[in-house]
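[1] Sequence unavailable; structure follows:
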């Protein structure tokens, strides 16, 4: 079953040092190597900071856009992994290994397989 692992964290208020960026990216590369080696990875991406977001709502048939994320919150969506895991237990195991889970959180959502309906 496919699971979307959504990585939430607090956006930095200061620019991280090159060493901090390199250390964090090394952890993410190691995680990505593991999910690749286990043939779980379907897709993954990191997102730009939330101030680059545009939210779209349709009201009275017309799109209304707002700069920024849907809701103001301390934790924002920073990226995701889409994994094909055997079950929720394996998805939880992998989510716990995502570096962002140490300071933020990882939300696991099963993906609907419409071909099975």
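    Nice, thanks for sending it over. The model shown is predicted, which means the values in this text are computed figures rather than measured ones.
[2] list the contacts for residue 57?
    Residue 57 sits next to 63-64, 66 when contact means CB atoms under 8 Å, 6 or more residues apart in numbering. (C-beta placed from N, C-alpha, C; glycine too.)
[3] any idea which element residue 48 lies in?
    Assigned by DSSP states H and E, residue 48 belongs to no helix or strand.
[4] how far away is it from residue 98?
    Using CB to CB, to the nearest Å, residue 48 is found at 19 Å from residue 98.
[5] Ok, residue 54 next?
    Distance, residue 54 to residue 98, using CB to CB: 26 Å.
[6] out of residue 48 and residue 98, which sits in the more crowded spot?
    Neighbour count, other CB atoms under 10 Å: between residue 48 and residue 98, residue 98 has more, with 22 against 9.
[7] got the phi/psi numbers for that one?
    The phi/psi pair for residue 98 (degrees, to the nearest 10) reads phi -70, psi 130.
[8] ok, it to residue 77 distance?
    13 Å.
[9] Out of the contacts of residue 57, which is nearest to residue 105?
    residue 66 (24.5 Å; CB to CB).
[10] thought the closest one was touching residue 55?
    Yes - the criterion here is CB atoms under 8 Å, and residue 66 meets it with residue 55 at 4.6 Å.
[11] follow-up on the earlier one: what subset of the contacts of residue 57 is buried?
    If you count burial by 16 or more other CB atoms under 10 Å, none of the contacts of residue 57 comes out as buried.
[12] Just send those residues back as CSV, with pLDDT and distance to residue 42 too.
    Formatted as CSV, the contacts of residue 57 follow (pLDDT from 0 to 100; distance: CB to CB, whole Å):
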residue, pLDDT, distance to residue 42
63, 95, 30
64, 91, 33
66, 88, 30
